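> how would this look folded up:
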Amino acid sequence: MDEAAFRRHRTQTISLPCVFQGALQARGAECELMAQRLLAEREVVACTKAPARINCETLLKLFHERATFPLHLKPGAPLTHAIELRLQCGGLLGLQKALASTNVDVHQMVQQAQISDGGLAELPWSQIVDSIKAWQPRRRAGTKPT
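Got it, this is the predicted structure:
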């Protein structure tokens, strides 16, 4: 299946694609609301609740917005897979630290952040952005550090 056909089929099949699919598949987080499916020999992650997906989408947009300058990103430019993973995994790790939580469940962390003082917009963004900047992917087995 070519990429364009896959994307069309995914759009038709998955009504609520998970916003943090990259982080979930990289095992950088967990979510009680995720539903994993196989589609054209690929694993896709869907969200089971529309309001939760909207909240996650808002959080990811804030990660993008707040980390654009520190990561030297061009606003509106497409992001590489590595940068997207850094935003998702590093952002969720920073959120976990900011909330002083041991919980790695995305949905629960977003809910906790929303009820905190001022909601998502008033999180300690400097701490979260520092985690985004510092996040590194796991090394592959057998590779040497450079």
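> for the top helix by length along the chain, packing partners?
For the chain, the helix that runs over the most residues, judged by DSSP state H, is helix 50-67. Packing partners of helix 50-67 (3 or more Cβ pairs under 8 Å, 6 or more residues apart in numbering; DSSP states H and E): helix 91-98, helix 106-115, helix 125-134. Where C-beta positions appear, they are placed from N, C-alpha and C, glycine not excepted.
> and among those helices, the most buried is which?
helix 91-98 (a mean of 22; mean count of other Cβ atoms under 10 Å).
> what's next to it, contact-wise?
For helix 91-98, contacts defined as Cβ atoms under 8 Å, 6 or more residues apart in numbering pick out 20, 23, 28-29, 59-60, 63, 67, 102-104, 106, 109, 113, 123-124, 127-132, 135.
> Can you list the low-confidence ranges for this protein?
1, 6-7, 9-10, 12, 40, 142-146 (pLDDT under 70).
> coming back round to it: the longest helix of the chain: which residues count as buried?
Neighbour-count burial for helix 50-67, counted by 16 or more other Cβ atoms under 10 Å, picks out 52-53, 55-56, 58-60, 62-64, 66-67.
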